[in-house]
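# Mind looking at a prediction? Sequence and model below.
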Amino acid sequence: MWNRILEFAQRGYRAVSAKTVIDVSRSPLRPLIERAEFDRRIASLRESLRADESPDILHDLQSPIALEAHKFAWYQRIRIPNTRAFTTSDRTRHGIDDPGWLNRAGNALSAVEGSLLRPLPKWAYLQEMLPDLSGKSVMEIGSNNGFFCFEFAERGARKVTGVDLLDQYVSPAQWMVSARGDKNVSFLRTNALLDLTLEPHQVVFMSETYTHFIDPLLGILRALNLAQETLIIDGPALTYGATQLNFDIFRNGEGGPPTYLTWTLSDGLMLGFLSVCGIEPERVTRFVSPLRNHRVYLVDTTDLAASRRRNAYGGSDFLDFGFKTGRPAS
Ligand SMILES: C[S@@+](CC[C@H](N)C(=O)[O-])C[C@H]1O[C@@H](n2cnc3c(N)ncnc32)[C@H](O)[C@@H]1O
């Protein structure tokens, strides 16, 4: 036992106070777009909804491909191939629900507008921080109907894999792949937390997804272990340096059964947890949305295998969860 204590002392193990887990200022903080430009983009998105009532789009909604698209219920607004219509252009078919704060651009859009436009209001600024995807393999966790996956393919990604838990989202996404004729985009219906057969990709992207995992920290670790070069995590902002976790339960009516849950991590908890997983804060760039209600973390994972070896937690593999070595040399 004395040898073990001596070894710990030599390796510099020290007790740390929970209050000083991480210095968040070690992670660079950058704006996404200017507020005036954001307001202009949101106004133009709202205006674009008016076109849904135009004779051209009403005509295209009767085309065979649009009628086929409408065999599915759509959560995201995606253009129906070879038409001027979108998956949410037909209001009579589209269910309106809570689009959340991010897709309402704060309160700039109504709940109806946010539901019809989702996820374009977020995309208005998220697209500004994407790395160059050309030639890359990209995985989206929580890919829903595939909006972001199709955008990644259009930006030149070599291979795009969307992963989502629910068939009601994955089936329309798969239909859209065949309608668009994409050869390099595919969707898997599986639980990203538990499915250890998922293959690593160079870039892994999650938008408002860790927030709805049954366990947000395990989900972030899984995503990290799948990202060979870059992990992008986005969700609502809790900008404190302290380690803090917020938890909300949404119910069907007052006192009714839970319908979904939302976790939100503070910057301190996100950066602290990532450092436990082998990512120091300098490797994380934090992006601030124009309304400051949204945090996007761009995580450089290229050093992860080496960092895990350096901080081996006494040789334990408790961080492994599907982590495959054979990553690019760092
Ligand atoms: C709020 S939606 C966000 C959808 C999309 N990323 C967007 O921003 O529009 C969360 C998505 O995560 C998916 N999801 C939740 N838990 C998951 C899990 N364990 N594995 C895979 N997908 C999951 C849900 O089915 C849902 O499509």
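That came through, no problem. Numbers count the residues shown, from 1 in each chain.
# Where does the prediction get shaky in the stretch 101-250 of the chain?
Judged against pLDDT under 70, the stretch 101-250 of the chain has no low-scoring part.
# and the residue in it positioned nearest to the ligand, how far is that from residue 212?
With C-beta to the nearest ligand atom as the measure, residue 142 is the residue of the stretch 101-250 of the chain nearest to the ligand, at 2.9 Å. Glycine gets a C-beta too; all of them are placed from N, C-alpha and C. To residue 212, residue 142 is 7 Å away according to C-beta to C-beta, to the nearest Å.
# For the helix or strand where residue 45 lies, give me every contacting residue.
Counting by DSSP states H and E, the element that carries residue 45 is helix 35-50. Residues outside helix 35-50 that contact it (C-beta atoms under 8 Å, 6 or more residues apart in numbering) are 33, 105, 108-109, 113, 116-117, 120-121, 124-125, 289-291.
# what about residue 142 and residue 212, which has more around it?
Between residue 142 and residue 212, residue 142 has the larger neighbour count (other C-beta atoms under 10 Å), namely 23 against 15.
# Neighbours of the spatially closest residue to the more buried one that is not a sequence neighbour, how many?
Once flanking residues are discounted, residue 142 sits nearest to residue 209: 2.9 Å by C-beta to C-beta, 6 or more residues apart in numbering. When neighbours are counted by other C-beta under 10 Å, residue 209 registers 24.
# Check residue 47 too.
Using other C-beta under 10 Å, residue 47 is surrounded by 9 other residues.
# The protein against the ligand: which residues are in contact?
For the chain, the contact set with the ligand under C-beta under 6 Å from any ligand atom comprises 76, 118-119, 141-142, 144, 163-166, 169, 191-193, 207-209, 212-213.
# Pull out the buried residues from stretch 290-307.
Neighbour-count burial for stretch 290-307 flags 290-291, 294-305, 307 (criterion: 16 or more other C-beta atoms under 10 Å).
# Okay, now the sheet partners of the longest strand seen in the chain, with direction.
Ordering each strand of the chain by length in residues (DSSP state E) puts strand 227-236 first. According to DSSP bridges, strand 227-236 has the following sheet partners: strand 201-207 (parallel), strand 294-300 (antiparallel).
# Please enumerate residues in contact with that strand?
Here strand 227-236 has contacts from 101-102, 122, 126, 129-131, 136, 139, 200-211, 220, 223-224, 262, 264-265, 270, 293-302, 327-328, using C-beta under 8 Å, 6+ apart.
# Which strands or helices does the helix or strand just after that strand pack on?
With elements assigned by DSSP H and E, the helix or strand that comes after strand 227-236 is strand 245-251. Judged by 3 or more C-beta pairs under 8 Å, 6 or more residues apart in numbering; DSSP states H and E, strand 245-251 is in contact with strand 258-265.
# Swap in 10 Å and give it another go.
Contacts defined by 3 or more C-beta pairs under 10 Å, 6 or more residues apart in numbering; DSSP states H and E place strand 245-251 against helix 216-226, strand 258-265, helix 267-276.
# need those in CSV with mean neighbour count and distance to residue 83, can you?
Shown next, in CSV, are these (neighbours: other C-beta atoms under 10 Å; distance: least, C-beta to C-beta, whole Å):
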stretch, mean neighbour count, distance to residue 83
helix 216-226, 23, 34
strand 258-265, 16, 32
helix 267-276, 22, 41
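# who wins for proximity to residue 323 among the ones you listed?
Shortest distance between residue 323 and those, using C-beta to C-beta, is found for helix 216-226: 3.9 Å.
# can you give me the angle that closest one makes with strand 227-236?
Angle of helix 216-226 versus strand 227-236, following axes from the mean of the first three to the mean of the last three C-alpha atoms, to 10 degrees, is 150 degrees.
# could you check the angle strand 258-265 makes with helix 216-226?
The directions of helix 216-226 and strand 258-265 differ by 70 degrees, with the same axes, to 10 degrees as the criterion.
# so how far is helix 216-226 from its chain's centroid?
Relative to its parent chain, helix 216-226 has a centroid offset of 12 Å by C-alpha atoms, centre = their mean, to the nearest Å.
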